[in-house]
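J.: model the following, please.
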Amino acid sequence: MATESKKMLPQDLNAEAAVISAMMIDNHTVARALEMLSDEHFYRTSHKILFRTIRELFEANIEIDIITLIDRLKQKKKLADVGGETFINELSDMVLSGANIEYHANIVLGKALLRQLINVSNKIIENCYNVNTETDRTSNKKETIHTVEDIVDDAEQSIFQIAERPSRKTFINLTEIIPRTLENIEKAAASGKAVIGITTGFPSLSRKLGGFRPGQLIIIASRPGMGKSSFALNIAFKLAMRDLKIAIFTMEMESEECLMRMLSSASEVSMEHMLRGYGMDQKKILNITRVADVLHQKQIYIDDSGSNTMLDIRAKARRLKAEIDGLDLILVDYMQLMNVKRNRENRQQEIAEISRSLKILAKELEVPIIALSQLNRAVESRVPPIPKLADLRESGAIEQDADIVMAIFRPIVYKDILQNKWKDRDGNEISIPEEFSLISILKNRHGSIGDVELLFRDTITQFRDPEDM
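T.: Residues are numbered from 1 along each chain as shown. Prediction:
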């Protein structure tokens, strides 16, 4: 039986030669080539050595030409490895100028990515064949156990590393973006509105924030039991009522529970009554049914897998956006429950990776992402225990990556600590209002910070803006 000939890995030696040639004859192209490529992107060994040597000359501020390149190769005793002076002289005649350096570099980069994918795929195939879940009885030694889950996780991360390759985006001249920026400013001025982005659904909060904008990472944080999931679902519901498309990734609740919370807050029927059945009457059932009929026409998509990694969320969000022709908001509940499959030294590094990945995803999909986060216990050591930015749990990276950070504080939860005393806007001491809730804007990259007062009815998981009453 004839054996199939081994296929050659993807490569374009002509494109590689064109890049090296342009770098030798045009010093202005060297910096651009170094921005786009590394020596590992080249297939031919001689091209790797030449690219690496040109980079060394560039970093040493030495003029790059055939003579300096040959001299450096002689010093390193690498001239014979690349084919000698004759090969270099021939290579320098490959192109007449560096005008097409980006085009040629992109060809080299594309072939290199294909080779990486092939190598990773071969490794995945090998792992699948070599999966071992038993002890080697002949040597009586325990071998490393690779489960199917381990192989899948390794495959996910390997592909993800290729997909998340560093961006090679370079400088943009201000003249290129001034027209678009001025157009946006003129549109904002013409609208006369305080909210330019997507409304939050709460007028006073929207005015303070200016709305949610594409590419933003918005953090909603609180201690447990403050209502951050309810607040986020209230926002999602209000935006869906405006015919926006919403994707929800929940690691804590089942999709049915998310729906019941929306039904409860919109119909103003207690969650407890809905779950247990008592206290229900025909009027309440009719209210729930009406809300359900309205929701049936809206586009809210819930993923309650519970074990999503960033790779999962990225893949699912991209697919959903393509399938429904656009996406307006992504909600992630909540960050500390997300899985990270790569080995990290501590949980802080894991949360930092999740935070950065969410910000990158928001920019890639051009949608705002709301991510929920826990606050650490330090907030409860203060009186009053009003959250601060430093209270974000497990990672300072969250406050760096986030465009907006909001924290929820309900004084009634700390009624005993506060001795049932609170000061109103005029500074008068009063008993703590039962429904009073403070939304503290701790960071706002495009606006001011401060507090917004809302009302929260915990029995129906509903936040309300006093302006709407």
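
J.: name the helices or strands packed onto the stretch of helix or strand residue 452 belongs to?
T.: Using DSSP states H and E, residue 452 falls within strand 450-457. For strand 450-457, the elements it packs on are helix 203-209, strand 436-444, strand 462-464, judged by 3 or more C-beta pairs under 8 Å, 6 or more residues apart in numbering; DSSP states H and E. Where you see a C-beta, it was placed from the backbone N, CA and C, and this is true even at glycine.

J.: the first one - contacts with which helices or strands?
T.: Helices and strands touching helix 203-209, as assessed by 3+ C-beta pairs under 8 Å, 6+ apart, comprise strand 436-444, strand 450-457.

J.: so after it, what's the next helix or strand?
T.: Using DSSP H and E, the first helix or strand after helix 203-209 is strand 217-222.

J.: export that following strand as CSV, just CAs?
T.: In CSV, the C-alpha atoms belonging to strand 217-222 read as follows (Å, rounded to 0.1, in the frame of the first residue of the first chain):
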residue,chain,number,x,y,z
LEU,A,217,-16.2,47.3,30.7
ILE,A,218,-18.7,48.2,33.5
ILE,A,219,-18.2,46.6,36.9
ILE,A,220,-21.1,46.4,39.4
ALA,A,221,-19.7,45.4,42.8
SER,A,222,-21.1,44.8,46.3
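
J.: what pLDDT, on average, does it get?
T.: Computed over strand 217-222, the mean pLDDT rounds to 91.

J.: one step back: in the strand holding residue 452, which residues are buried?
T.: Using 16 or more other C-beta atoms under 10 Å as the test for burial, strand 450-457 gives 452, 454-457.

J.: which residues of the stretch 251-400 of the chain fall in helices?
T.: Listed in chain order, the helices of the stretch 251-400 of the chain (DSSP state H, counting those that start in this stretch) span 255-267, 271-276, 282-296, 310-323, 347-365, 397-401.

J.: mind giving me the domain split of this protein?
T.: 9-130+147-162, 194-468 (automatic domain parsing).

J.: mind putting these in JSON lines, distance to residue 185 included?
T.: Below are the domains of the chain laid out as JSON lines (distance: least, C-beta to C-beta, whole Å):
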{"stretch": "domain 9-130+147-162", "distance to residue 185": "31"}
{"stretch": "domain 194-468", "distance to residue 185": "10"}
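
J.: rank those by pLDDT, which is bottom?
T.: When those are ranked by mean pLDDT, domain 194-468 comes last with a mean of 84.

J.: nearest residue to the middle of the chain?
T.: Residue closest to the mean C-alpha point of the chain, counted by C-alpha atoms, centre = their mean, is residue 358 at 1.7 Å.

J.: so who does that one touch?
T.: Residue 358 is in contact with 217, 310, 332, 335, 369, 371, 401, counting by C-beta atoms under 8 Å, 6 or more residues apart in numbering.

J.: just give me the closest of these to residue 131.
T.: When those are compared for distance to residue 131 (C-beta to C-beta), residue 310 wins out at 24.9 Å.

J.: quick one: that closest one and residue 354 touch, right?
T.: Yes - using C-beta atoms under 8 Å, residue 310 is in contact with residue 354, at 6.1 Å.

J.: all helices of the stretch 101-250 of the chain, in order?
T.: 101-129, 148-163, 174-191, 203-209, 228-240.

J.: just name the most buried of those helices.
T.: helix 228-240 (a mean of 23; mean count of other C-beta atoms under 10 Å).

J.: quick one, that one and strand 436-444 angle?
T.: 80 degrees (axes from the mean of the first three to the mean of the last three C-alpha atoms, to 10 degrees).

J.: what is helix 228-240 packed up against?
T.: strand 217-222, strand 246-250, helix 255-267, strand 300-303, strand 329-333, strand 369-374, strand 462-464.

J.: buried ones in the third one?
T.: To tie it back to what came earlier, the one meant is helix 255-267. 257-267.

J.: please report how far the nearest residue to residue 10 once chain neighbours are set aside lies from residue 429.
T.: In space, and not counting its chain neighbours, residue 10 is closest to residue 114: 4.1 Å by C-beta to C-beta, 6 or more residues apart in numbering. Taking C-beta to C-beta, to the nearest Å as the measure, residue 114 falls 70 Å from residue 429.

J.: please apply the same query to residue 120.
T.: 65 Å.

J.: residue 333 now?
T.: Note on residue 333: its distance to residue 429, by C-beta to C-beta, is 36 Å.

J.: who has more neighbours, those two?
T.: With neighbours defined as other C-beta atoms under 10 Å, residue 333 and residue 429 compare such that residue 333 has more, 24 against 8.

J.: that older thread, adding distance to residue 326, write the buried residues of helix 255-267 out as JSON lines.
T.: Formatted as JSON lines, those follow (distance: C-beta to C-beta, whole Å):
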{"residue": "257", "distance to residue 326": "27"}
{"residue": "258", "distance to residue 326": "22"}
{"residue": "259", "distance to residue 326": "23"}
{"residue": "260", "distance to residue 326": "27"}
{"residue": "261", "distance to residue 326": "25"}
{"residue": "262", "distance to residue 326": "22"}
{"residue": "263", "distance to residue 326": "26"}
{"residue": "264", "distance to residue 326": "29"}
{"residue": "265", "distance to residue 326": "26"}
{"residue": "266", "distance to residue 326": "24"}
{"residue": "267", "distance to residue 326": "29"}
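
J.: can you redo the buried residues of strand 450-457 as a markdown table with distance to residue 92?
T.: Shown next, in a markdown table, are the buried residues of strand 450-457 (distance: C-beta to C-beta, whole Å):
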| residue | distance to residue 92 |
| --- | --- |
| 452 | 66 |
| 454 | 69 |
| 455 | 75 |
| 456 | 72 |
| 457 | 77 |
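
J.: pretty sure residue 446 sits against residue 213.
T.: Yes - using C-beta under 8 Å, residue 446 is in contact with residue 213, at 7.2 Å.

J.: name the residues contacting each of those two.
T.: Joint contacts of residue 446 and residue 213 (C-beta under 8 Å, 6+ apart) are residue 403.

J.: looking at these two, which is more packed in?
T.: residue 213 (19 against 13).

J.: who's in contact with the more buried one?
T.: Here residue 213 is in contact with 196-198, 368, 403, 446 (criterion: C-beta under 8 Å, 6+ apart).

J.: state the distance from residue 113 to residue 64.
T.: 27 Å.

J.: er, residue 338 I mean
T.: Applying C-beta to C-beta to residue 338 and residue 64 gives a distance of 47 Å.

J.: neighbour count for the two, which is higher?
T.: Ranked by neighbour count (other C-beta under 10 Å), residue 338 and residue 64 place residue 338 first, with 23 against 20.

J.: residues contacting the more buried one?
T.: Residue 338 neighbours (C-beta under 8 Å, 6+ apart): 251, 308-310, 313, 332, 354.

J.: using CSV, lay out the residues you listed together with neighbour count and distance to residue 181.
T.: As requested, the contacts of residue 338 are exported to CSV (neighbours: other C-beta atoms under 10 Å; distance: C-beta to C-beta, whole Å):
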residue, neighbour count, distance to residue 181
251, 19, 38
308, 20, 36
309, 20, 37
310, 24, 31
313, 22, 31
332, 27, 30
354, 26, 32
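
J.: tell me the one of the residues you listed nearest residue 26?
T.: Out of the contacts of residue 338, the member with the shortest distance to residue 26 (by C-beta to C-beta) is residue 310, at 40.7 Å.
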